[in-house]
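Engineer: Quick one, what's the 3D model for this:
(one chain, ligands or ions: 2)
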Amino acid sequence: MHSHLIDNQWQVGSGQPFASLNPATGEIVWQGRAATNAEVATAIASARCAAPAWAARPLDERIVLLRNFGKQLETHREAIAEAISLEVGKPRWEATGEVGTMLAKVPTTIEAYHDRLREAEVDLGTARGVTRHKPHGVLGVFGPFNFPGHLPNGHLVPALLAGNTVVFKPSEHTPLTAQRMVELWLDAGLPEGVVNLVQGGRETGIALTEHTGHDGLLFTGSLGTGVALRYAMVDKPEKILALEMGGNNPLLVHEVNDLDAAAYMTIQSAYATAGQRCTCARRLIVVNDEAGDRFVERLTDMIGRVRIGAYTDDPEPFAGPVISSATADHLLNAQVALIDGGAQPIVEMRRLNGNSNAMLSPGLLDVTPMKQRDDNELFGPLLQLIRVPDFEAGIAEANRTAYGLVAGLLSNNTDRYDHFYQRVRAGLINFNRPTTGASGKLPFGGVGRSGNHRPSGYFAVDYCTYPVASLESDDLTMPDKLPPGIDAER
Ligand SMILES: NC(=O)C1=CN([C@@H]2O[C@H](COP(=O)(O)OP(=O)(O)OC[C@H]3O[C@@H](n4cnc5c(N)ncnc54)[C@H](O)[C@@H]3O)[C@@H](O)[C@H]2O)C=CC1
Ligand SMILES: O=C(O)CCC(=O)N[C@@H](CCC(=O)O)C(=O)O
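Structural biologist: Ligands and ions are numbered 1, 2, ... in the order given. Model prediction:
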């Protein structure tokens with residue numbers, strides 16, 4: 001069975017059995033065995049063996065192979081989208097969109113490489129000063145479940161272009177999507193050992209993290225796992241660690257003329273991908289006045305018209321289930337705890353009838369009455385409304401988080417945006433757009449506990465390389481003037 005690509009062989013693996021399930025039906029989509037510590041070690045050794053030749057390949061040749069991967073992706077667009085829908089439950093329109101962003105990543109990364117890493121020369125008088133970039137060597141790539149194609153692809157494409165070899169450890173919820181992606185890289189003509197795939201859960205992730213044979217880890221996932229990686233690397237300062245983690249993202253709505261537009265942008269922010277995006281708005285901040293009431297009313301009405309369903313439903317739903325029945329339980333329990341703590345349900349998040357226990361309707365809770373609000377990321381379709389006395393208090397509320405991924409403002413007053421932009425602390429700050437739907441043409445990364453200042457997106461090529469400074473002169477000659485203490489003449 002195809003499970004892992006280790007030492008250029010597809011292997012079954014000999015670790016714990018595990019399966020990915022269709023969250024809309026509970027049916028098994030894929031089953032296999034996790035990679036063991038020894039198998040992870042072999043994958044790293046394979047990547048290490050391939051690294052010198054891959055790094056020495058001219059950039060143009062690596063670009064050709066990247067473009068070949070793009071062509072494979074184009075040809076197999078539907079198969080990849082189907083795997084994403086099966087494993088994550090995303091509607092077809094969204095899964096196809098995810099493959100579209102994977103395709104766009106190839107030309108954008110090539111552009112970013114030339115733009116950000118171009119060789120630069122300065123005349124230093126007695127020498128040329130040259131800046132060039134080198135790959136790190138062997139990189140481990142970790143993916144989350146929510147964008148099983150796009151987000152690991154956002155590390156893999158720049159890592160490979162920059163001349164690194166990789167060991168890819170996808171989410172245990174999405175092994176099929178990962179396998180299909182790696183098959184496309186092989187079909188694109190990637191040399192042996194340049195990409196390796198190790199499937200499995202936490203244990204496999206730990207084996208990759210703790211192995212001393214890699215040169216760094218590129219991670220997208222939760223804060224808890226990111227912190228675990230950071231601990232594991234604490235005595236390895238020589239290795240690169242790029243962390244993209246979660247958020248408790250605020251969306252401030254104030255002085256809006258078009259209530260429908262504001263409600264629509266809020267729904268896109270909070271409930272896209274069933275609320276399972278790191279960029280989803282978790283806190284909706286609205287001034288406590290009549291205009292604010294009218295907006296909340298319009299939003300409540302629109303939430304009632306959001307259709308949730310299986311990706312096979314016709315007509316298509318806006319969003320599918322959350323990733324698992326256990327995740328749905330966790331979210332529903334979190335909602336109960338909020339209500340017990342004083343939150344008022346405006347629209348209660350509910351388990352929907354159907355084949356799946358993972359299908360949740362979008363919820364909106366007014367958490368303003370709560371005496372104490374936790375700063376946790378609830379990774380699902382539950383938005384928390386906070387009413388504030390004025391705009392200034394809204395900004396203070398937006399900043400009341402240790403995370404710092406995205407902050408959004410919806411308003412017809414551009415002066416408000418200037419002030420908001422100055423005061424709010426986040427790596428992405430949006431105005432009259434959803435908090436979701438970031439552009440690959442821009443950096444993508446948070447401050448606070450959302451990341452470690454290694455932004456991905458357009459800037460991902462930066463963390464896939466290190467800069468080398470060279471003082472160079474074609475002539476080896478004595479300088480005109482020697483420092484004191486050296487007698488040049490015998
Ligand atoms: N900032 C960003 O760009 C993004 C962040 N995320 C965040 O990811 C999370 C959702 O994704 P999940 O897959 O649930 O994340 P997760 O942290 O549970 O898993 C991510 C990866 O780490 C592995 N892993 C888990 N524990 C590990 C350990 N102790 N050592 C090594 N590897 C380990 C998993 O198997 C998986 O491959 C949310 O918190 C979300 O906000 C998701 C997408 C984008
Ligand atoms: O890397 C890029 O091309 C931009 C990042 C991106 O596309 N982000 C997506 C999904 C990230 C998430 O929320 O999980 C987005 O902003 O919607």
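Engineer: so is the nearest residue to G221 once chain neighbours are set aside in a helix, a strand, or just coil?
Structural biologist: Spatial nearest neighbour of G221, chain neighbours left out: P144 (4.5 Å); criterion: C-beta to C-beta, 6 or more residues apart in numbering. Every residue, glycine included, has its C-beta placed from N, CA and C. At P144 the chain is in coil, as set by DSSP: H, G, I helix; E, B strand; the rest coil.
Engineer: ok, now which ones touch P144?
Structural biologist: L151, S171, T220, G221, S222, C278 (C-beta atoms under 8 Å, 6 or more residues apart in numbering).
Engineer: Next up, phi/psi of the fifth one, please.
Structural biologist: Pointing back at S222 there. Phi and psi for S222, reported as degrees, to the nearest 10, are phi -80, psi 160.
Engineer: Chain neighbours aside, what residue packs nearest to R373?
Structural biologist: V367 (5.8 Å).
Engineer: for the one you found, what are its contacts?
Structural biologist: Contacts for V367 (C-beta under 8 Å, 6+ apart) come out as L338, G342, A343, R373, Q384, L385, I386.
Engineer: Which of those are buried? Put it as a PyMOL command.
Structural biologist: To isolate the buried members of these in PyMOL, using 16 or more other C-beta atoms under 10 Å:
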select buried, resi 338+343+373+384+385+386
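Engineer: just the contacts of V367 now: which is nearest L65?
Structural biologist: Using C-beta to C-beta, the shortest approach to L65 within these belongs to Q384, at 45.9 Å.
Engineer: Does the closest one belong to a helix, a strand or coil?
Structural biologist: With three-state DSSP as the criterion, Q384 reads strand.
Engineer: How far off centre is the helix ranked longest in the chain?
Structural biologist: Taking DSSP state H as the criterion, the chain has its longest helix at helix 92-116. Mean-position distance between helix 92-116 and its chain equals 13 Å (C-alpha atoms, centre = their mean, to the nearest Å).
Engineer: picking that back up, in helices, which of the contacts of P144 fall?
Structural biologist: L151.
Engineer: Which positions within the helix or strand following the longest helix of the chain qualify as buried?
Structural biologist: Going down the chain from helix 92-116, the next helix or strand is strand 120-123, by DSSP states H and E. For strand 120-123, the neighbour count (16+ other C-beta under 10 Å) marks no residue as buried.
Engineer: ok, now stretch 180-194?
Structural biologist: R180, M181, V182, E183, L184, W185, L186, A188, L190, G193, V194.
Engineer: how long is that stretch from one end to the other?
Structural biologist: Start-to-end span of stretch 180-194 (C-alpha to C-alpha, to the nearest Å) is 16 Å.
Engineer: List of residues touching it?
Structural biologist: With C-beta under 8 Å, 6+ apart, stretch 180-194 has contacts from 2, 5, 7-8, 46-47, 49-50, 53-54, 65-66, 68-69, 71-73, 76, 79-80, 83, 149, 152-153, 156, 160, 165-166, 168, 195, 197.
Engineer: do stretch 293-309 as well
Structural biologist: 24, 91, 253, 256, 259-260, 262-264, 266-267, 271, 274, 284, 286, 315-321, 346-347, 352, 354, 359-362, 364, 381, 385.
Engineer: now with 7 Å?
Structural biologist: 253, 256, 259-260, 262-264, 266-267, 271, 286, 317-320, 346-347, 352, 359, 361-362, 364, 385 (C-beta atoms under 7 Å, 6 or more residues apart in numbering).
Engineer: Relative to the whole chain's centre, how far out is it?
Structural biologist: On C-alpha atoms, centre = their mean, the centre of stretch 293-309 falls 28 Å from the chain's centre.
Engineer: ok, the residue nearest to A438 when sequence neighbours are not counted - how many residues close by?
Structural biologist: In space, and not counting its chain neighbours, A438 is closest to F444: 5.2 Å by C-beta to C-beta, 6+ apart. F444: 24 surrounding residues under other C-beta atoms under 10 Å.
Engineer: list the contacts for F444?
Structural biologist: Applying C-beta under 7 Å, 6+ apart, the residues near F444 are A438, P455, S456, G457.
Engineer: out of those, which one sits closest to L176?
Structural biologist: Closest to L176, out of all of the contacts of F444 and judged by C-beta to C-beta, is S456, at 23.8 Å.
Engineer: partner residues bridging the closest one?
Structural biologist: F444 (DSSP bridges).
Engineer: so how many other residues sit close to it?
Structural biologist: Around S456 there are 24 residues (other C-beta under 10 Å).
Engineer: so it makes contact with M245?
Structural biologist: No - with contact defined as C-beta atoms under 7 Å, S456 does not reach M245; the gap is 11.3 Å.
Engineer: Export the buried residues of stretch 180-194 as a markdown table, with columns for secondary structure and distance to ligand 2.
Structural biologist: Compiled in a markdown table, the buried residues of stretch 180-194 are given as follows (DSSP: H, G, I helix; E, B strand; the rest coil; distance: C-beta to the nearest ligand atom, whole Å):
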| residue | secondary structure | distance to ligand 2 |
| --- | --- | --- |
| R180 | helix | 20 |
| M181 | helix | 15 |
| V182 | helix | 19 |
| E183 | helix | 22 |
| L184 | helix | 18 |
| W185 | helix | 18 |
| L186 | helix | 24 |
| A188 | coil | 20 |
| L190 | coil | 21 |
| G193 | coil | 26 |
| V194 | coil | 22 |
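Engineer: now, among the residues you listed, which is nearest to A127?
Structural biologist: So of these, ranked by how close each gets to A127 (C-beta to C-beta), first place is V194, at 35.5 Å.
Engineer: and the closest residue to P381 other than its chain neighbours, what pLDDT?
Structural biologist: Nearest residue to P381, sequence neighbours excluded (C-beta to C-beta, 6+ apart): G275, at 3.7 Å. According to the prediction, G275 has pLDDT 98.
Engineer: same thing with D7?
Structural biologist: pLDDT, D7: 86.
Engineer: How is the closest residue to it other than its chain neighbours assigned, secondary-structure-wise?
Structural biologist: Spatial nearest neighbour of D7, chain neighbours left out: S46 (4.3 Å); criterion: C-beta to C-beta, 6+ apart. Here S46 is recorded as helix under three-state DSSP.
Engineer: List the contacts of S46.
Structural biologist: I6, D7, N8, G193, N196.
Engineer: burial measure for the second one, as a count.
Structural biologist: Think D7. D7, neighbours per other C-beta under 10 Å, totals 16.
Engineer: Look up how far F142 lies from it.
Structural biologist: 21 Å (C-beta to C-beta, to the nearest Å).
Engineer: before we move on, what about the last one?
Structural biologist: Taking C-beta to C-beta as the measure, N196 and F142 are separated by 13 Å.
Engineer: pLDDT wise, what is the closest residue to ligand 1 within the stretch 251-400 of the chain at?
Structural biologist: Residue nearest to ligand 1 within the stretch 251-400 of the chain: C278 (3.2 Å; C-beta to the nearest ligand atom). We note a pLDDT of 98 for C278 in this prediction.
Engineer: Let me know how buried it is, in neighbour terms.
Structural biologist: 28.
Engineer: Next: the one 10 residues further on.
Structural biologist: By the other C-beta under 10 Å criterion, the neighbourhood of N288 contains 13 residues.
Engineer: Please name the nearest non-neighbouring residue to it.
Structural biologist: R387 (4.0 Å).
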